[in-house]
Each structure stands twice: as structure tokens, then as C-alpha cells.
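Trainee: Take this sequence and fold it.
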Amino acid sequence: MKEAQVHELLYQALETELGGVQVYTKAIECAVNDDLREEWNRYLDETKTHVEIMTKVFADLGLDAEKETPGRKIVRFKGESLIKSMDMALASGDKGAAQLVAAEAVVDAETKDHANWELMGQVADEAKGKMASVLKEAHGQVEEQEDEHLYHTMGWCRELWIESLGMLAVLPPPEEQKEVKTAIGASRAKQARDEMVGSPKK
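Mentor: Sure thing, here's the model as predicted:
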């Protein structure tokens, strides 16, 4: 493996988690649905723990957690842009629209976050020595939560959009009801929601 690029992945992963704390904090301001706000508060707490876990990864591997890289700067810029999008939505005065923008922002942030941890899991499987043990421990603590963050918020985003269009929505979404934590589970939940509302088969 290319050590420099493995380190770049770790720097981006740390920055993604740091940005995630800010994204969730702002998203909670936009939340109108009580169940969604409660879920995002839990995800915020978990993301703060993920920052601690990534900080420990850096300490264990002897890496400088403050080091800047071009990729890390881009991750930070994207996170700040998501927060600005939510601020713009809040300023519009339409609470429902702001909640939708927040849901999309969380999906965007969690897509990157989920990809980071998936890649770190692959690195852990291929690496040897300390890198392998440190990443396997971190991955084991975080991966399942990241799956939930992404798939559940994708469900929320879909159903909130459907509701905004004046169609029958399933809230909380099936992903939440079925405690989805895999891509297969998310697909099954979507099929279940079609059965719940009697959507025609495509």
C-alpha cells in the first residue's frame, strides 16, 4: 500500500468527523420533526465520539492530527458549504424547506464519512502490524453506526421530500423502523415502504 495515501485517507476521515459535528449541530437547528431531531442529537453524540476515536488513531500511529493536506482542506470546504446551505435555508423562513436542506446536507456528509470508514476497513484488512490493529479496533467501534447514520438519514430525506410533494409519506421512515444497517437492508426497507403505501410496482 501507498503509505502517504493511507495517511491522506486518515486526515480526510478526521476532518470529515470534525465537520460532521458542525453539520449535525446546524441540522438540529433545522429539524422540525421531533423524531428526526432526537435521532440527529444521538448521531451528533456518536460523531463526537468518532472524533475522539480518530484522534486516538492518530496518537497511536504517531501522526500529527493538526497537519493540513490539500484533501483535508477540500473536505473542510465542503463541510462549511453544507453549513452555509442550511443557513441560507433557515434565512428563507420556510422551516419545512430548511429541514429538507438539512437532511440532504447530512446525507452528503455521511456519504463521505461512510466511504472513509469502508476504505479504512479495507486498509485494516490489508495492513500489517500496528496500522492493522489500530484501524481494526477503530473500525469495529464505528462502522455499524456509520451505516445507520447514512441509510436512516437517506430514508428520512426521501420521506420528507415525498411529504413535501403532497404524497403519502412514511414517517419515521422504514429504515428507522427496521433498524437498517446495511445496503441490502435499506433496499428491503424501501420495498417495505412501497407495500405500506400501496405504491404500484415498477
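
Trainee: any idea how far residue 58 is from residue 67?
Mentor: Distance, residue 58 to residue 67, by Cβ to Cβ, to the nearest Å: 9 Å. All C-beta atoms are positioned from the backbone trio N, CA, C, and that covers glycine.

Trainee: ok, now residue 81?
Mentor: Distance, residue 81 to residue 67, using Cβ to Cβ: 22 Å.

Trainee: what do you get for residue 29?
Mentor: Distance, residue 29 to residue 67, using Cβ to Cβ: 31 Å.

Trainee: With neighbour numbers in mind, choose between these two.
Mentor: When neighbours are counted by other Cβ atoms under 10 Å, residue 29 and residue 67 differ, and residue 29 comes out ahead with 15 against 11.

Trainee: Now do the contacts for the more buried one.
Mentor: By Cβ atoms under 8 Å, 6 or more residues apart in numbering, the contact list for residue 29 reads 86, 90, 102.

Trainee: Apply 7 Å and report the result again.
Mentor: The contact partners of residue 29, taken as Cβ atoms under 7 Å, 6 or more residues apart in numbering, are residue 90.

Trainee: hey, which helix or strand in this protein has the poorest pLDDT?
Mentor: Least confident helix or strand of the chain, by mean pLDDT, DSSP states H and E, is helix 183-197 with a mean of 63.

Trainee: From the contact counts, what lies against the longest helix anywhere in the chain?
Mentor: Assignment by DSSP state H gives helix 129-164 as the longest helix of the chain. Applying 3 or more Cβ pairs under 7 Å, 6 or more residues apart in numbering; DSSP states H and E, we find helix 129-164 packed against helix 34-61, helix 95-126, helix 174-177, helix 183-197.

Trainee: how about a cut-off of 10 Å?
Mentor: Packing partners of helix 129-164 (3 or more Cβ pairs under 10 Å, 6 or more residues apart in numbering; DSSP states H and E): helix 3-30, helix 34-61, helix 95-126, helix 174-177, helix 183-197.

Trainee: Dump those helices to TSV, plus distance to residue 167.
Mentor: Shown next, in TSV, are these (distance: least, Cβ to Cβ, whole Å):
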stretch	distance to residue 167
helix 3-30	22
helix 34-61	18
helix 95-126	14
helix 174-177	15
helix 183-197	8
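
Trainee: What count of nearby residues applies to the residue nearest to residue 110 when sequence neighbours are not counted?
Mentor: Residue nearest to residue 110 in three dimensions, not counting chain neighbours: residue 150, with 4.3 Å by Cβ to Cβ, 6 or more residues apart in numbering. Residues near residue 150, counting by other Cβ under 10 Å, number 25.

Trainee: Would you check that residue 150 makes contact with residue 103?
Mentor: No: in this structure, residue 150 is not within contact of residue 103 by Cβ atoms under 10 Å, at 12.0 Å.

Trainee: Thank you kindly, that will do.
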